[in-house]
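J.: Fold the following, please.
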Amino acid sequence: MNLKNKKNIIILIIVLIIIGGYYVVISERFQLWWAPGIEGLTSEEVTGQYNKFLQSGLDKDMAGDHRGAILDYKKALKIAPGSFPPKNNIAESCIKLEDYQCAEEWFLEIVKRGYDPGVVVKLSKLYKTKIKDNEKAVDILMSAHEAFPESFDFIYNLGFLHWQLANKEEGLKYLNMALEINPDDQNIKDLINDLNK
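T.: Next up is the predicted model:
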């Protein structure tokens, strides 16, 4: 091999190392690893860092950079692993990216910690409208209702979902229960009248 070929190979290797290094630096895993943690920070600084990443994620989401938003939400989670807003926002960003499995995973992560009514309803809607799994849509609401049988949110949404699915008997059952809790709700009355036609 002559000197010219050796130089070309060396230049090629250097270029590949630079390109590889660039992709390592911009990778999500590297950026999360490099993101500041909470070691040595005061509680005010921790709160400030968390809020900074959360706001940055919201700003990126509004600008349409949903992948960048997810990265910032994950950085906020690195600071506060049990925090609800970043997990919910990641799920919402995944929906915008049409990555419904990702959204399901993050919503389920929240639901495992407690049946937050808003998240359970979002997950049920995700199953029904995007994943097209009506059985899962009903099951998640039913599980939440069984855990919290007095919750209006779960009762009403079970009735509404059964109304959407044209399950007359189940729809009437839950909508009538919801009407007992909230007897002046005209929307519930209209749904019941529609099922009774």
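
J.: So what's the residue count around residue 95?
T.: Counted with other Cβ atoms under 10 Å, the neighbours of residue 95 add up to 21. Heads up, the C-betas are built off the backbone N, CA and C, glycines and all.

J.: Okay, and it sits in which element?
T.: helix 84-96 (DSSP states H and E).

J.: ok, now which ones touch the nearest residue to residue 177 once chain neighbours are set aside?
T.: Excluding its sequence neighbours, the residue lying closest to residue 177 (Cβ to Cβ, 6 or more residues apart in numbering) is residue 155, at 4.9 Å. Counting by Cβ atoms under 8 Å, 6 or more residues apart in numbering, residue 155 touches 145, 174, 177-178, 181.

J.: roughly how far apart are residue 155 and residue 83?
T.: The gap separating residue 155 from residue 83 is 29 Å, by Cβ to Cβ, to the nearest Å.

J.: Quickly name whichever of the contacts of residue 155 is closest to residue 42.
T.: Within these, the smallest distance to residue 42 is 43.2 Å, found for residue 145 (Cβ to Cβ).

J.: Do you know the pLDDT at the closest one?
T.: Listed pLDDT for residue 145 reads 95.

J.: Then residue 48?
T.: 88.

J.: same check, this time on residue 114
T.: Per-residue pLDDT puts residue 114 at 82.

J.: Repeat that for the one 10 residues further on.
T.: Residue 124 carries a pLDDT score of 96 in this model.

J.: Residue 26 too?
T.: Listed pLDDT for residue 26 reads 50.

J.: can you check residue 11 too?
T.: Checking the pLDDT column for residue 11, the value is 70.

J.: same deal with residue 17?
T.: pLDDT for residue 17: 64.

J.: what's the answer for the one 5 residues further on, then?
T.: pLDDT recorded at residue 22 is 49.

J.: do the same with residue 186
T.: With respect to pLDDT, residue 186 scores 96.

J.: would you list every one of the helices in the chain?
T.: In the chain, the segments counted as helices under DSSP state H are 3-26, 28-34, 43-62, 66-79, 84-96, 100-113, 117-125, 134-147, 152-164, 168-181, 186-195.

J.: need the least confident one among these, by mean pLDDT.
T.: Least confident of those, judged by mean pLDDT, is helix 28-34 with a mean of 51.

J.: and residue 144, what is it in contact with?
T.: So residue 144 contacts 111, 115, 117, 120, 151, 154 (Cβ under 8 Å, 6+ apart).
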